[in-house]
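Engineer: Let's see this in three dimensions:
(one chain, ligands or ions: 1)
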Amino acid sequence: MEKLGGIFNPSSPEMEAMADLTYYVIAISIGILAIIVVAVAYIIIRYRKGSKDSSEPYQNFGDLRLEIVWTLIPVAIIAVLFQLTCSTMKTIDPPIGNEEPDIVVIGHQWWWEFYYPKSGVLTANEMHIPVGKKLLLRIESIDVIHDFWVPELGPKIDAIPGHTNHLWMGASEPGVYLGACAEFCGTQHANMRIRVIAETEEEFNEWQKQELVVPRTPRSGIAGKGAELFQTKACMNCHTIKGTPAAARIGPDLTHLNKRQTIGAGVLTNSPENLTKWLYNPQKYKQGSLMPNMKLSDSEVEAIVAYLEGLK
Ligand code: CUA
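Structural biologist: Numbers count the residues shown, from 1 in each chain. This next block holds a predicted model:
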């Protein structure tokens, strides 16, 4: 079973601040409820109708002191909640300036593109981050409104076409944090998964270095045939593979596809068998996706899988 995310398992300073605020609000609410329950119980018992006494109790119409007290107490409670909320917002809210982001997140129907402007790395669906660092994310969309959400690491934030949003992202512990699109964006909204892979700075730097390597294009054998098919079939109209003429950004960048854990933004785990199934008919696994059924023959699928498997 997957563990509970969000406030139940905060794994970043931002999410810890949100969890603390939630617990404060719950504690204050329980305190108020307890006072009311005790007061009501006391009044019910203390002022219940006695067996002998049948007269009406004393009626009180207005008491200035009482009015002032029960106005000031809620004002004080709201002031405390306001202060707690402001200090939480200070931790969570990113700067509203033109600061260069560490990662640009672009929502597509139905996958995520991650661009690291400081290094030039371009990848999809799986975001690598160095642990313990506070990173600035810029959130965009290419088509409709999506919503970037990794519950253990931070709040939800909309990806809106023609508008940019910002988000702090960081992880306190190494690990894989799962997220998903949180705004209904079409039939495959549920298959727009996010994986945030938080690793040590050395591992992250090594990953980034590997991502920037331009792979050698095979010229012979079955993988060579696959590379050729990739350029002659419609694949290159949508995808990028660095070091080849394929440079389109309609679909995910496949330059280092074999390093990723999943295919199709989380619909299948990345394995030669699943890649084969996917290439035969992506629509079977992700109906409505922009990737069409290319009607490839057995030998064509085999060759393209051999080529893509080599993209490490
Ligand atoms: Cu993208 Cu829902």
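Engineer: What about the closest residue to the ligand within the stretch 201-312 of the chain? Give its phi and psi, please.
Structural biologist: Nearest residue of the stretch 201-312 of the chain to the ligand: Ala265, at 9.2 Å (Cβ to the nearest ligand atom). For every residue, glycine as well, the C-beta is placed using N, CA and C. The phi/psi pair for Ala265 (degrees, to the nearest 10) reads phi 60, psi 40.
Engineer: Any idea how many residues pack against it?
Structural biologist: Neighbours of Ala265 under the rule other Cβ atoms under 10 Å: 24.
Engineer: Beta-bridge partners for the residue nearest to it when sequence neighbours are not counted, please?
Structural biologist: Of all residues not flanking Ala265 in the chain, Trp111 sits nearest, at 4.0 Å (Cβ to Cβ, 6 or more residues apart in numbering). Beta-bridge partners of Trp111, counted by DSSP bridges, are His108.
Engineer: what's the neighbour count on Trp111?
Structural biologist: Neighbours of Trp111 using other Cβ under 10 Å come to 26.
Engineer: before we move on, what about Arg138?
Structural biologist: Count around Arg138 with other Cβ under 10 Å applied: 20.
Engineer: bridging residues for it?
Structural biologist: Here Arg138, judged by DSSP bridges, has bridge partners Val104, His166.
Engineer: correct me, but it touches His163?
Structural biologist: No: look at Arg138 against His163 with Cβ atoms under 8 Å: they stay out of range, at 10.9 Å.
Engineer: who touches the residue nearest to Ala265 in this structure?
Structural biologist: By Cβ atoms under 8 Å, 6 or more residues apart in numbering, the residues touching Trp111 are Ala124, Asn125, Met192, Gly251, Pro252, Gly264, Ala265.
Engineer: Ok, Ile68 next?
Structural biologist: Contacts of Ile68 by Cβ under 8 Å, 6+ apart: none found.
Engineer: For my notes, confirm it occurs in a helix.
Structural biologist: Yes: assessed by DSSP: H, G, I helix; E, B strand; the rest coil, Ile68 belongs to a helix.
Engineer: how far away is it from Pro13?
Structural biologist: 41 Å (Cβ to Cβ, to the nearest Å).
Engineer: same thing with Asn274?
Structural biologist: Counting by Cβ to Cβ, the gap from Asn274 to Pro13 is 37 Å.
Engineer: ok, now Tyr58?
Structural biologist: 56 Å.
Engineer: okay, those two: which has more neighbours?
Structural biologist: Pro13 (18 against 5).
Engineer: I figured that one hits Thr91, correct?
Structural biologist: Yes: with contact defined as Cβ under 8 Å, Pro13 counts as touching Thr91 (6.5 Å).
Engineer: show me where the stretch 1-150 of the chain has helices.
Structural biologist: 13-46, 64-92 (DSSP state H, counting those that start in this stretch).
Engineer: what bridges to the residue nearest to Trp207 when sequence neighbours are not counted?
Structural biologist: By the measure of Cβ to Cβ, 6+ apart, the closest residue to Trp207 outside its immediate chain neighbours is His128, 5.0 Å from it. Legend: beta-bridge partners of His128 under DSSP bridges are Ile197.
Engineer: Val196: what's its closest spatial neighbour, skipping adjacent residues?
Structural biologist: Tyr177 (4.3 Å).
Engineer: so who does that neighbour touch?
Structural biologist: Tyr177 touches Gly5, Ser11, Val150, Glu152, Leu153, Ala171, Arg195, Val196, Ala198, counting by Cβ under 8 Å, 6+ apart.
Engineer: my read: the third one touches Gly175, true?
Structural biologist: No: Val150 is beyond contact range of Gly175, at 11.5 Å (criterion: Cβ under 8 Å).
Engineer: Compare those two (neighbour count), which wins?
Structural biologist: Remark: of Val150 and Gly175, Val150 carries more neighbours, 25 against 13, as counted by other Cβ under 10 Å.
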